[in-house]
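A.B. asks: Have a look; sequence and predicted model below, questions after that.
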Amino acid sequence: MSNKIKAINGAKWTTVSTIFSAVLQFGQVALLARLLLPSAFGIVSISTLIINFLSIFAHFGFSNSIISKQVTNQKILSTIYYLNLLIGVVMFALMYLSAPLLVLYYKEPLLDGVLKMAAFSFPIVFLGQIYNILLEKELKFKWLALTDIFCSITGSLVTIIMAFNGYQAKSLVGGLLSAQFLKMIIHNVLGRQYFTPIIYFKLDEIKDHLVFGMYNMGENLVGFVNDNIDNILIGGFLGVKQLGYYTIAWQIAVFPTTRLCPVIIQISYPIIAKMKDSLESLKQAYLKITVFIAYCIIPLLTGLFLMASNVIPILYGEGWGDTVPLVKIFSVMGILFCFMYTTSPVAYLTGKPNYLLYRNLVVLAIKIPVIYFAARTYGLTGIALAFLATSVVSLVLNFVLVQKMLGSFFASLIKDLIKPALFSVAMVVVILLYKYFIGNAGIINTVVQIALGGLVYAGLTLKYKLSFAEIKNLRKAL
C-alpha cells in the first residue's frame, strides 16, 4: 500500500476518532457542568498544568526524533524505552512531593489529593509512549483511532460514575487515569511486533536524539509558559472558581483547534518527513495542510462566535452564562492558532527547531507583562483579550519563520484562504438574516441556525472547492 493511500486511510480513521472524541467530550462536560462545582474544573486545570509542565522535561522530543530519523535499531529503541521509564518515575516523584507547595500558592487544600492522584499518569503514560510513537511511524492510524475511541468511552464512564458519587475534581482525574492505563496496555500489545525491549542501555548511542530533543525541550518549555501564563496567574490571583469558568470557556472555543490540528499533523508528519530533502515539496505540503486546517477550523469557530450566547446556556446550564464573552474571544484566538500548528513540523524537518525557541522567547517577553497587568487590573475578560493580542504577535512571527525556512509562500497562502473566508461570511449572513426575520430564542431556532450555517458552508465548499471527480476519487480511496 502506498504512503498516499496509508495517509488517506489514516485521515479517515483519525477523523472518525477525533469527531467521536469531540462529541463525547462536549457531552461529558455538558453533563459534568451540572454535577461538579466550577472550582472542580479549576482544580483539575491546575493538575493538568503541572502534568504538562513536567512532561516538557520528560519527552525530550523522542516522538519527532524517532519518526524523523525513521529509527528501527532495537538497541537504540531499548535505551529510549528504559530512559522513558526512568523519567516517568522521576516525574511522578516530583509531582507527588511538590503537591503541598502548590497548595500554598493556590490556597486550595483540595488540590493536594488531586495532584497526588494525577501524578500516577507519568509512569502509566511512559510505559506505552514508545509503542504509540512506533505505531504512528508505521502509519497504523486505524488501530490508534480505535484505541482512542474505546479508551475515551471507558474514561468518560469512569468520570461520570465517580461524579455521580460525589468525587468532584477526583472524578475527572480518575477518568483520565483509567483511559491512560487502558491505552497503555493496548499500545503495548499492538506495538510489540515492531519493538520488544532487550537488556540494553547506553546513552551515548542516543546522543543524536538527545541533542535533537534539547531545542525541542527548550521550545516546549518557553511555549508552555507562553500558552499557560494566563492559567498560572488566574489560579493564583483570582482563585480556582474563576479558573474553572476560564477553563470551560477555553475548552469550548479552542478545543476544535487543539484537538483537530494535532491530529492532522500527526497523520501528515510521517508522510512529509519523507519529503524533507525537497524544499519545494515541503513548501507545497505546508500550504496544503495549512489550508486544509483553515477549511475545517474557520467555519466552526466563526459559527461558535456567532452562536455562543445561544449554545452555552443550552449545553451547560444558566450558571455558565458568564463564559459567553470569553468563548467569543477564544473563538477568534482559535482561528489564529490553527495557522501556527504547521510551523513546528517544518522547523523539525528543515533542521531549524531553534527557530521555535527564539519565537517563543520573543512572544514570552511580550506576553508576561501584558497578561500580568491584565490579571491585576481587568479580571478574566482582560486576561483573555491580552492573550488574544499577543497571539497576533505570535502568528506574525510564525509566518516570518516559515518564510525564512521555505521561501516565499504568503501570497499563495492568502490566495488559497480567500474561499473559506468568503464561505464563512456567507454562512454568517444567512444566520444573521434568520435571527432578524424569524427568531433567535429557544433550542429549535438554535438548531436551525446551526444547520443552515453548516449547509451554506458545506454547499459552497463542494461547489467551488471540491469537484465531483475529486469526491468520486476520494470515495474510491476510502
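C.D. replies: That came through, no problem.
A.B. asks: Report the spatially closest residue to L182, excluding sequence-adjacent ones.
C.D. replies: C151 (4.8 Å; CB to CB, 6 or more residues apart in numbering). From N, CA and C alone the C-beta is placed, and that goes for glycine too.
A.B. asks: same thing with L326?
C.D. replies: A249 (3.5 Å).
A.B. asks: cool, and M340?
C.D. replies: Using CB to CB, 6+ apart, the closest residue to M340 is N398 (4.9 Å).
A.B. asks: what about the longest helix in this structure?
C.D. replies: helix 279-316 (DSSP state H).
A.B. asks: list the buried ones in it?
C.D. replies: 282-287, 289-308, 310-312, 315-316 (16 or more other CB atoms under 10 Å).
A.B. asks: likewise stretch 428-445?
C.D. replies: 428, 430-431, 434-435.
A.B. asks: Tell me how this protein divides into domains.
C.D. replies: With domains defined by automatic domain parsing, the chain comprises 1-201, 222-478.
A.B. asks: Sketch out the low-pLDDT regions of the stretch 151-300 of the chain for me.
C.D. replies: 205-220, 223, 236, 266-267, 269-271, 274-276 (pLDDT under 70).
A.B. asks: Where do the helices of it begin and end?
C.D. replies: 169-191, 207-237, 240-272, 279-316 (DSSP state H, counting those that start in this stretch).
A.B. asks: that older thread, looking at the domains of the chain, which has the lowest confidence?
C.D. replies: Among those, domain 1-201 has the lowest mean pLDDT, at a mean of 77.
A.B. asks: and for stretch 416-428, what are the contacting residues?
C.D. replies: Stretch 416-428 has contacts (CB atoms under 8 Å, 6 or more residues apart in numbering) with 287, 291, 294-295, 298-299, 302-303, 306, 453-454, 456-457, 460-461, 464-465.
A.B. asks: Next up, the contacts around the nearest residue to S309 once chain neighbours are set aside.
C.D. replies: Residue nearest to S309 in three dimensions, not counting chain neighbours: V324, with 5.3 Å by CB to CB, 6+ apart. Counting by CB under 8 Å, 6+ apart, V324 makes contact with 308-309, 312.
A.B. asks: Could you dump the helices of the stretch 151-300 of the chain into a markdown table with distance to L85 added?
C.D. replies: Shown next, in a markdown table, are these (distance: least, CB to CB, whole Å):
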| stretch | distance to L85 |
| --- | --- |
| helix 169-191 | 12 |
| helix 207-237 | 16 |
| helix 240-272 | 23 |
| helix 279-316 | 34 |
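A.B. asks: for these, which one sits closest to P109?
C.D. replies: In terms of CB to CB, the element of the helices of the stretch 151-300 of the chain nearest to P109 is helix 240-272, at 10.9 Å.
A.B. asks: Okay, buried residues for the closest one please.
C.D. replies: Under 16+ other CB under 10 Å, the buried positions of helix 240-272 are 240-258, 260-261, 263-272.
A.B. asks: Likewise for stretch 96-107?
C.D. replies: Result for stretch 96-107 [16+ other CB under 10 Å]: buried residues 99, 102-103, 106.
A.B. asks: Which among the helices of the stretch 151-300 of the chain is found nearest to L357?
C.D. replies: helix 207-237 (4.2 Å).
A.B. asks: Check the buried residues of stretch 96-107 and tell me the two furthest apart.
C.D. replies: A99 and Y106 (10.7 Å).
A.B. asks: from memory L37 sits against Q168, does it?
C.D. replies: Yes: with contact defined as CB atoms under 8 Å, L37 and Q168 form a contacting pair (6.6 Å).
A.B. asks: before we move on, the earlier item: now, which of the buried residues of stretch 428-445 lie within helices?
C.D. replies: 428, 430-431, 434-435.
A.B. asks: can you redo those as TSV with distance to M95?
C.D. replies: Formatted as TSV, these follow (distance: CB to CB, whole Å):
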residue	distance to M95
V428	45
V430	49
I431	45
Y434	50
K435	48
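A.B. asks: that older thread, taking helix 279-316 as reference, get the angle to the helix or strand where the residue nearest to M340 lies.
C.D. replies: Using DSSP states H and E, N398 sits in helix 379-406. Per axes from the mean of the first three to the mean of the last three CA atoms, to 10 degrees, the angle that helix 379-406 makes with helix 279-316 is 160 degrees.
A.B. asks: Helix 379-406 packs against which elements?
C.D. replies: Secondary-structure packing of helix 379-406 (3 or more CB pairs under 8 Å, 6 or more residues apart in numbering; DSSP states H and E): helix 207-237, helix 240-272, helix 279-316, helix 324-338, helix 343-349, helix 353-377.
A.B. asks: wait, doesn't Y131 sit right on G191?
C.D. replies: Yes: between Y131 and G191 there is a contact under CB under 8 Å: 2.8 Å.
A.B. asks: thinking again about what came up before, contact partners for the residue nearest to L182?
C.D. replies: 179-180, 182-183, 186 are the contacts of C151 under CB under 8 Å, 6+ apart.
A.B. asks: If you tally nearby residues, what's the number for the nearest residue in space to T381 that is not next to it in sequence?
C.D. replies: Nearest residue to T381 in three dimensions, chain neighbours excluded: P325, at 5.6 Å (CB to CB, 6+ apart). For P325, the tally of surrounding residues (other CB atoms under 10 Å) stands at 16.
A.B. asks: Check the spacing between P325 and K352 real quick.
C.D. replies: 38 Å (CB to CB, to the nearest Å).
A.B. asks: again with L282
C.D. replies: 12 Å.
A.B. asks: With F255 instead?
C.D. replies: F255 is 30 Å from K352, by CB to CB.
A.B. asks: now Q193
C.D. replies: 34 Å.
A.B. asks: got it, and M427?
C.D. replies: On the measure of CB to CB, M427 and K352 end up 37 Å apart.
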